[in-house]
Structures are given as C-alpha cells and as structure tokens.
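1. predicted structure and sequence below. I'll ask about it afterward.
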Amino acid sequence: MRIREIFDKKTVFSFEIFPPKKNSPVEVIYDTLDELQGLQPDFISVTFSAGGSGNGGYACEIASRIKESGITPMIHLPCINYSKDEIDSTISEIKTRGIENILALRGDINPDIPPKREFSHASDLISYLRSKGDFDIAGACYPECHPDAETLVEDIMNLKKKVDAGADHLITQLFFDNDSFYDFREKAVLAGVNVPIEAGIMPVVNKNQIERMVTTCGASLPRKFVKIMQRYEHNPEALRDAGIAYAVNQIVDLVASGVDGIHLYTMNNAYVARKISEAVSGIIGT
C-alpha cells in the first residue's frame, strides 16, 4: 500500500527502526521486528546507511520482511554520498522487492566521506525518484529548523521545494515541545506546504540517548522535560517510565490538535513501543 492513501482514512501511526551494523547478522533484529509488527502500525520505516556503515542491503532485506508480514514498509534513501549509478541500483532492488514507499533524504554529511554531490539536496532526489516510477515519496522536515539553515523561513522555503518536487507527505525530526511543532506547521501551511505532516516522537529512556540526539538534531528541551531528566537521571527504570509518559502526553495533545500522524522513533526498543501503543490505541484514528 502507498502510505499517502492511509492519510485519507485516519490519523497515521508508524514506527521507525534501524538495521544492525554491518558486522552483525541481520537476524539479530528479527525478534524486535516481530514484536513491532505485532503492534500493527500503519507502516514501519527502515533507516539506510548514509555512507560508510554498509547496512543498505540490510535495509532492503528488512523492508521485504516487513512487507511479507502484511505491514507496509518504507525505506529511507539518502543521496549525498551516493552516485547516480548507486542510486539507480538501489531503486532497482527496491522495485524488485515490491517496495512502494521511500523516504527521500539528503543524508548526514560525513567528514570522512567526501560527498559525491550528484544529488546535493533531498529535493533533487525526489525529482529523480518521480521520474523512475510511481513511488510514494516522503520528505523530512525540522520543526525547530534544519541545522544547516540560517532561519526557519529559509528552511520552510526549502521544504516547499521538496513538496513542489513531488513529496507526498512529510515526517518531522524529533521534538519535545509541541508548541514548536504547531508554530512550524502554521508557517509551513502559509508557505504552501499542503501535504500531510507526521510528527516525529522519540521516547527518551536514558540520559545518554537524549544528549546524543539533542546534539545531532538541535531539539530544544522544555523546562518540564529537563526537570524529568534531572529528577530521574540516576534511576534508569524511573527515567524510562517517565520518558514513556512524556511521549504519551505529547501524542495525546498532538492528536487532539489534529495532527496528521505520529511517527515513533522506536530506537529498536519493542518494550517502549508497546507501552506507548497501548496507551494511545484508543485515540489514534478516532
């Protein structure tokens, strides 16, 4: 199924997972994947190496396994570190495996890997994918501004380029302040971004995780969230439960405010995904 069709029917609820590293067998993720599939999300997205980790083949294999289970898969496809021939080869494998949904990304710039720049921006890749088949194409967006953009206005103008190039829907980077999302959504609509926007939610279950992710994506931390971190940082079980509760509260507020969908960054943690799914099952899609 093409994901764009689901948005017409309900509030979308989806998961993101990442493959094991190239020195680990792909089978190590299968038990987690089976648990996540059992929660019956609308789709599961699979991350893809942006260059260097060599797990791209795993991503296609995992997406195929998701499809075989009856769940819709979406595969990430970064472009900055890949040549046109490499992108063509991946597209060919995606088609062969019957995968219809792609999240088109520029990808992180790795200082140890010179970018190939045949595709400098995600909008370039989206346009190219549109010429290669009838894929459902998602794009990424940043409620608190892409780290490389000077202003949110500039970032939203670039986002509009993705939509004009053919993006069917969008998924946000993680955020912890819903007001930031609402402000971004309003500005995006005013700029002519007229496709569904899924809110990316990451439940924080340990201190190192949040420090790493905030450094990577620049998400701000509301006072309420910081208080939780400070209160429970030395109690791993309490911090996990508090992180789940915070994510659930975010989701309830977002759904009540008419969000198009929730994309849960599971970090391959089936326990956390299950607890959140159970807590919001009564409101998603209603």
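-> Thanks, I have the structure now. Because the structure is predicted, anything quoted here is derived from the model rather than measured. Numbering: from 1, shown residues only.
2. got the contact list for residue 1?
-> Residues counted as contacts of residue 1 (C-beta atoms under 8 Å, 6 or more residues apart in numbering) are 72, 100. Every C-beta, even on glycine, is put in place using the N, C-alpha and C of the backbone.
3. separation between it and residue 101?
-> Taking C-beta to C-beta, to the nearest Å as the measure, residue 1 falls 8 Å from residue 101.
4. over to residue 125?
-> To residue 101, residue 125 is 14 Å away according to C-beta to C-beta.
5. distance between the ends of stretch 107-115?
-> For stretch 107-115, the first-to-last residue distance is 10 Å (C-alpha to C-alpha, to the nearest Å).
6. what residues sit buried inside that stretch?
-> Buried residues in stretch 107-115, counted by 16 or more other C-beta atoms under 10 Å: 107, 115.
7. and the contacts of stretch 190-203?
-> Contacts for stretch 190-203 (C-beta under 8 Å, 6+ apart): 4, 7, 12, 14, 141, 156-157, 159-160, 163, 167-175, 181, 185, 188, 213, 243-244, 246-247, 250-251, 254, 259-265, 267, 272, 276.
8. what's the burial count for the closest residue to residue 124 other than its chain neighbours?
-> Nearest residue to residue 124 in three dimensions, chain neighbours excluded: residue 79, at 7.0 Å (C-beta to C-beta, 6 or more residues apart in numbering). Look at residue 79: counted by other C-beta atoms under 10 Å, it has 29 neighbours.
9. what touches both of residue 1 and residue 101?
-> residue 72.
10. residue 163 and residue 186: what is the separation?
-> Distance of residue 163 to residue 186, given as C-beta to C-beta: 16 Å.
11. do the same with residue 38
-> Per C-beta to C-beta, residue 38 is found 37 Å from residue 186.
12. of those two, which one has the most company?
-> Legend: neighbour count by other C-beta under 10 Å for residue 38 and residue 186, higher for residue 38 (13 against 10).
13. test my guess that the residue nearest to residue 124 contacts residue 109.
-> No. Between residue 79 and residue 109 there is no contact under C-beta atoms under 8 Å: 11.5 Å.
14. does residue 74 sit in a helix, a strand or a coil?
-> strand (DSSP: H, G, I helix; E, B strand; the rest coil).
15. bridging residues for it?
-> Under DSSP bridges, the beta-bridge partners of residue 74 are residue 45.
16. count of neighbours near it?
-> 25.
17. which residues touch it?
-> 3, 14, 43-46, 63, 99, 101-103, 136, 138.
18. redo that, cut-off 7 Å
-> Going by C-beta atoms under 7 Å, 6 or more residues apart in numbering, residue 74 touches 3, 43, 45, 101, 102, 103, 138.
19. on that earlier part again, contacting residues around the residue nearest to residue 124?
-> Counting by C-beta under 7 Å, 6+ apart, residue 79 touches 87, 106, 107, 119, 125.
20. where's residue 170, which helix or strand?
-> Take DSSP states H and E as the rule and residue 170 turns out to sit in strand 169-172.
21. using PDB, list the CA coordinates for that strand.
-> Provided in PDB are the C-alpha atoms of strand 169-172 (Å, rounded to 0.1, in the frame of the first residue of the first chain):
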ATOM      1  CA  HIS A 169       3.900  13.700   2.800                       C
ATOM      2  CA  LEU A 170       6.400  14.700   5.400                       C
ATOM      3  CA  ILE A 171       7.900  13.400   8.700                       C
ATOM      4  CA  THR A 172       9.400  15.700  11.300                       C
END
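22. surely residue 39 meets residue 275?
-> No. The pair residue 39 / residue 275 is not scored as a contact, 10.3 Å apart, by C-beta atoms under 7 Å.
23. distance of the nearest residue to residue 188 once chain neighbours are set aside from residue 133?
-> Of all residues not flanking residue 188 in the chain, residue 156 sits nearest, at 5.6 Å (C-beta to C-beta, 6+ apart). With the distance defined as C-beta to C-beta, residue 156 ends up 28 Å from residue 133.
24. how about residue 196?
-> To residue 133, residue 196 is 21 Å away according to C-beta to C-beta.
25. one step back: inside helices: which ones of the contacts of stretch 190-203?
-> Judged by DSSP state H, helices contain the following of those: 156-157, 159-160, 163, 181, 185, 188, 213, 243-244, 246-247, 250-251, 254, 272, 276.
26. now the residues you listed: which count as buried?
-> When the ones in helices among the contacts of stretch 190-203 are checked for burial by 16+ other C-beta under 10 Å, the buried set is 156, 159-160, 163, 181, 185, 188, 213, 243-244, 246-247, 250-251, 254, 272, 276.
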